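*Asks:* pasting a predicted model and its sequence here:
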Amino acid sequence: MENIIKVDTISQFNALNNHETLHPLINIVDLSKADIRLNRRVNYNFYTVFLKEIKCGDLKYGCNYYDYQEGSLIFVGPGQVIGQEDNGEYYQPRGQALVFHPDLIKGTSLGRHIQDYTFFSYDVHEALHLSESERKIIMDCFEKIRYELEHAIDKHSKTLIVSNIELFLNYCQRFYDRQFITRDLAHKGVLQRFENLLDSYWTSDKPTTIGLPSVGYCADQLNLSANYFGDLIKKETGKSAQEYIQSKVIDVAKEKIFDTTKSLSEIAYGLGFKYPQHFTRLFKQGVGYSPIEYRSLN
């Protein structure tokens with residue numbers, strides 16, 4: 001059975017990395033101060049952002065397609081597991097980590113909108129790769145947070161700390177938008193593979209055995225996290241992944257409707273719908289006519 005280390009509090013994370021706890025709910029940690037350790041899979045019960053220099057050996061995150069060579073940001077949401085299974089090898093942690101507990105942002109603007117930062121659910125290989133100028137901005141945000149942690153706590157402390165976390169995350173949102181553009185060629189390949197996946201889906205038995213293709217299913221087939229896949233498709237096409245799948249369903253349905261040897265219910269089941277009325281509703285929303293009206297018009 002895999003041995004996963006659980007780290008529930010910021011204090012535990014600080015102790016694990018040889019750092020003093022300046023605030024019970026947040027810290028910025030220099031990972032190079034940690035002791036050499038065995039590879040382990042770790043489950044953090046708080047938000048964690050690793051700023052890593054691009055060296056393939058560091059924390060064994062692997063090296064995939066990199067846009068820049070100034071560092072990478074890896075985002076981990078509460079409850080996610082990260083790291084490598086114990087293989088008996090030791091490594092020296094490097095880089096920095098911003099860690100903050102969900103309790104810190106409760107009742108704040110950031111707390112109400114934290115789910116909008118979908119990159120906390122991206123996979124490690126979907127990291128944010130920084131240019132030199134972007135890295136400087138990130139470091140400036142870290143320095144402002146560090147200053148507040150080292151400053152005597154007063155009535156402004158929480159507001160300023162949370163505001164700077166939000167500023168940092170908003171910059172990351174911008175930088176991810178940039179990355180979607182600079183990696184356009186790679187993403188065009190994903191879009192083409194997505195198209196091919198959908199094309200082959202309806203020529204297989206999957207609609208009758210699985211049902212309609214879900215966003216999660218498509219992302220898994222393309223080896224992407226559902227959130228990264230959804231954000232990528234939105235940036236490339238202007239449609240959500242779900243909307244893109246639905247438009248594809250309608251296109252396939254338009255062709256099948258011309259086959260008058262099949263009833264509309266048979267077509268609906270053959271597309272993966274559990275109930276024909278759901279097919280009728282989606283088709284009318286997308287086309288403006290019901291399937292039976294479309295068949296008679298054409």
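*Replies:* Structure received. Residues are numbered from 1 along each chain as shown.
*Asks:* got a list of what residue 211 touches?
*Replies:* Contacts for residue 211 (Cβ atoms under 8 Å, 6 or more residues apart in numbering) come out as 272-274. No exception for glycine: its C-beta is placed from N, CA and C like everyone else's.
*Asks:* how much space separates it from residue 222?
*Replies:* Using Cβ to Cβ, to the nearest Å, residue 211 is found at 19 Å from residue 222.
*Asks:* confirm that residue 153 sits in a strand.
*Replies:* No - the assignment for residue 153, made by DSSP: H, G, I helix; E, B strand; the rest coil, is coil rather than a strand.
*Asks:* that one: how many residues sit nearby?
*Replies:* 12 (other Cβ atoms under 10 Å).
*Asks:* for it, give me its contacts.
*Replies:* Counting by Cβ under 8 Å, 6+ apart, residue 153 touches residue 23.
*Asks:* what's the pLDDT at it?
*Replies:* At residue 153, the predicted lDDT confidence score is 82.
*Asks:* what of residue 55?
*Replies:* pLDDT at residue 55 comes out at 48.
*Asks:* re earlier: list only buried entries from the contacts of residue 211.
*Replies:* Buried by 16 or more other Cβ atoms under 10 Å: 272-273, out of the contacts of residue 211.
*Asks:* can you list the contacts of residue 211 in CSV and add pLDDT and distance to residue 292?
*Replies:* Formatted as CSV, the contacts of residue 211 follow (pLDDT from 0 to 100; distance: Cβ to Cβ, whole Å):
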residue, pLDDT, distance to residue 292
272, 94, 20
273, 94, 15
274, 92, 19
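*Asks:* closest to residue 296 among the contacts of residue 211?
*Replies:* residue 273 (20.7 Å; Cβ to Cβ).
*Asks:* how about that closest one, what does it touch?
*Replies:* Per Cβ under 8 Å, 6+ apart, neighbours of residue 273: 211-212, 279.
*Asks:* now do residue 206
*Replies:* Contacts of residue 206 (Cβ under 8 Å, 6+ apart): 213, 272.
*Asks:* pretty sure residue 241 contacts residue 218?
*Replies:* Yes - between residue 241 and residue 218 there is a contact at 6.8 Å, judged by Cβ atoms under 8 Å.
*Asks:* overlap in contacts of the two?
*Replies:* residue 229.
*Asks:* residue 134 against residue 176, yeah?
*Replies:* No - Residue 134 lies out of contact with residue 176 (Cβ under 8 Å); the separation is 10.7 Å.
*Asks:* residues near residue 283, how many?
*Replies:* Using other Cβ under 10 Å: residue 283 sits among 27 other residues.
*Asks:* from residue 198, how far off is it?
*Replies:* Residue 283 sits 17 Å away from residue 198, going by Cβ to Cβ.
*Asks:* would you say residue 75 is within a strand?
*Replies:* Yes - under three-state DSSP, residue 75 falls within a strand.
*Asks:* so what's it up against?
*Replies:* 47-49, 117, 119-120, 122, 128, 172.
*Asks:* try it again at 6 Å.
*Replies:* Contacts for residue 75 (Cβ atoms under 6 Å, 6 or more residues apart in numbering) come out as 49, 119-120.
*Asks:* many thanks, I have nothing further to ask.
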